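> Structure, please.
(2 chains)
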Amino acid sequence: MELTFEINEQVNGGVPVIAVVGEIDVATAPTLAEHLGVHEEAGAAAVVVDLLGVSFLDSTALGVLVGSFKRLRESDGTLKLVIAEPRILKVFEITDLIRVFPIFTTVDEALQG
Amino acid sequence: MSDTVALSLPVRSELLVLARITAATMASRADFDIEEIEDLRLAVDELCLSVVGGARSGTVRLEFSVDEATIAITCELDRSGEPDDGDVPGEPDDLSIRLIEALVDEHGRDSAGGRRRAWLSKRRSRVEH
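Have a look, this model is predicted:
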């Protein structure tokens, strides 16, 4: 069974923007981890993960994002998230990760912030 | 209305979506509102993750019961008869537990032999007229 899941990447002003569409769970989170891993290894100063198209996200996805955030920070980089959907934001609020990640409501804000 | 639905799944990550679909369908039929249904979708996903841990084999058995204004879900990992390939299920992730605690009214877990079990229940907020 296939979930609705798609990752589109572009580079905007030198910053990788990873746009995720669909549900991020234990089956799909490894694909997101692979995409993030490429930019971690390249020593990216900032990576934006656009979650505007995400309809579901669980602790596996949080684990991938937290891991990537830590690795990027070790090389003085950062991981920015774009979230507008309240039910996705709620997952970050419950786990207190809202205080960890820089979170923006649009990709443009994330690129400028 | 009182309904019980059972689901038996091999441990495969891509099948976890079936637990979410079943929980959402049962909750919708029981008149839970949209936010409660979303809470249950995430809670049952985390419930399964907390039981399966790092196991790569076995069977996940789920039971969904709706009675009056409450939905109860039990998730059990059965690894009896499975070869001991070293993929012992780990302890549930802290994030998983925090999410379950925040999203449902009651939850718990136990284990015995080759079985691990966790359960939750959530009451509907909407009052029936």
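> buried set for stretch B:44-54?
Along stretch B:44-54, these residues count as buried under the neighbour rule (16 or more other Cβ atoms under 10 Å in any protein chain shown): B:44, B:45, B:46, B:47, B:48, B:49, B:50, B:51, B:52, B:53. For every residue, glycine as well, the C-beta is placed using N, CA and C.
> go on, stretch B:101-115?
Neighbour-count burial for stretch B:101-115 [16+ other Cβ under 10 Å]: B:103, B:104, B:107, B:109.
> between these, which is nearest residue A:84?
residue B:103 (21.0 Å; Cβ to Cβ).
> And the helices in chain A?
A:29-41, A:59-74, A:86-94, A:107-112 (DSSP state H).
> Tell me how far residue B:94 lies from residue B:38.
22 Å (Cβ to Cβ, to the nearest Å).
> Name the residue in these two with the higher neighbour count.
For residue B:94 and residue B:38, the more surrounded residue by other Cβ atoms under 10 Å in any protein chain shown is residue B:38, and the numbers stand at 21 against 10.
> Return the closest of the buried residues of stretch B:101-115 with respect to chain A.
Closest approach to chain A among the buried residues of stretch B:101-115 (Cβ to the nearest Cβ): residue B:103, at 7.6 Å.
> what about the residue nearest the centre of chain B, which helix or strand?
Note on chain B: the residue nearest the mean C-alpha position is residue B:44, at 3.7 Å, using Cα atoms, centre = their mean. Residue B:44 belongs to helix B:34-52 when assigned by DSSP states H and E.
> from the chain's centre, how far out does that helix sit?
Remark: helix B:34-52 is offset 6 Å from the chain centroid, using Cα atoms, centre = their mean, to the nearest Å.
> again, but for stretch A:13-33
Remark: stretch A:13-33 is offset 6 Å from the chain centroid, using Cα atoms, centre = their mean.
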